[in-house]
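Colleague: Show me how the following folds:
(one chain, ligands or ions: 1)
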Amino acid sequence: MAKTGENLRDKSRWSLGGMTALVTGGSKGIGDAVVEELATLGARVHTCGRDETQLQERLREWQAKGLQVTISVCDVSSRAQREELMKTASSVFQGKLNILVNNVGTCITKPTIEYTAEDFSFLMATNLESAFHLSQLAHPLLKASGSGSIVLMSSIVAVVHANFGSIYGATKGDINILPLWHFEVMHTY
Ligand SMILES: NC(=O)c1ccc[n+]([C@@H]2O[C@H](COP(=O)([O-])OP(=O)(O)OC[C@H]3O[C@@H](n4cnc5c(N)ncnc54)[C@H](OP(=O)(O)O)[C@@H]3O)[C@@H](O)[C@H]2O)c1
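Modeller: Residues are numbered from 1 along each chain as shown. All right, here's what the predicted structure looks like:
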């Protein structure tokens, strides 16, 4: 008997054939799983990360499975690199993007009182500013596709206290209230 996931993939209403997706941070963890799932459902997926070796390794595995995935080396905490990433995605997808998954997020585990200015800026740029700016940059591409969605990766620590990553939780709390009402927005905890 087929597993539930396999059944879902068999149904044409779950097909993402003809769709395009940009997933940030797809070389490992949740982003890796999202890339593979979207591509398995038929989407063409572009993803990024900072470590080129790891990205290339995953790319070889995706290609061996026949998945349509392309990659960019990009640090999404950099405004210039975000702009470059969106230019590349636009070129790869001929100006049309159906799904943007703002997956990248990181945490610095130390007491809040010990946070440096650099720690604070790094977390804000990586977790929050990147998601907002990439969503802005993606807007014309999402509109052009006629069916655009943005996925924002939040966390349970956005809504409940945890003994780690208080500033991490703050970035995720802000993610939850990003004013993206021009888009169809889905939150993931
Ligand atoms: N794991 C959990 O239990 C959990 C729970 C709640 C929410 N989340 C959220 O889910 C998302 C994914 O978490 P995860 O645990 O799967 O993370 P992860 O395993 O650390 O993977 C992060 C991915 O993002 C890439 N990345 C990190 N910083 C980047 C940057 N500045 N620019 C471009 N790529 C970058 C990493 O590759 P490189 O290092 O090569 O750049 C990697 O591919 C995050 O937003 C996280 O906050 C995770």
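Colleague: What about T53, how many residues nearby?
Modeller: The number of residues packed near T53 is 10, by other Cβ atoms under 10 Å. For every residue, glycine as well, the C-beta is placed using N, CA and C.
Colleague: And L55, how far from S90?
Modeller: L55 sits 19 Å away from S90, going by Cβ to Cβ, to the nearest Å.
Colleague: Kindly apply the preceding question to K28 instead.
Modeller: For K28, the distance to S90 equals 25 Å [Cβ to Cβ].
Colleague: Would you mind naming what in the chain lies close to the ligand?
Modeller: Taking Cβ under 6 Å from any ligand atom as the contact definition, the chain meets the ligand at 24-31, 48-51, 54, 74-77, 103-106, 126, 153, 155.
Colleague: For the nearest residue to S130 once chain neighbours are set aside, give me its contacts.
Modeller: What sits nearest to S130 in space, not counting adjacent residues and going by Cβ to Cβ, 6 or more residues apart in numbering, is V76, at 4.0 Å. For V76, the contacting residues are T24, G25, C48, R82, L85, V104, T126, S130, L134, by Cβ atoms under 8 Å, 6 or more residues apart in numbering.
Colleague: can I get the residues you listed in TSV with neighbour count and secondary structure?
Modeller: As requested, the contacts of V76 are exported to TSV (neighbours: other Cβ atoms under 10 Å; DSSP: H, G, I helix; E, B strand; the rest coil):
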residue	neighbour count	secondary structure
T24	25	strand
G25	26	coil
C48	27	strand
R82	23	helix
L85	25	helix
V104	24	coil
T126	22	helix
S130	25	helix
L134	23	helix
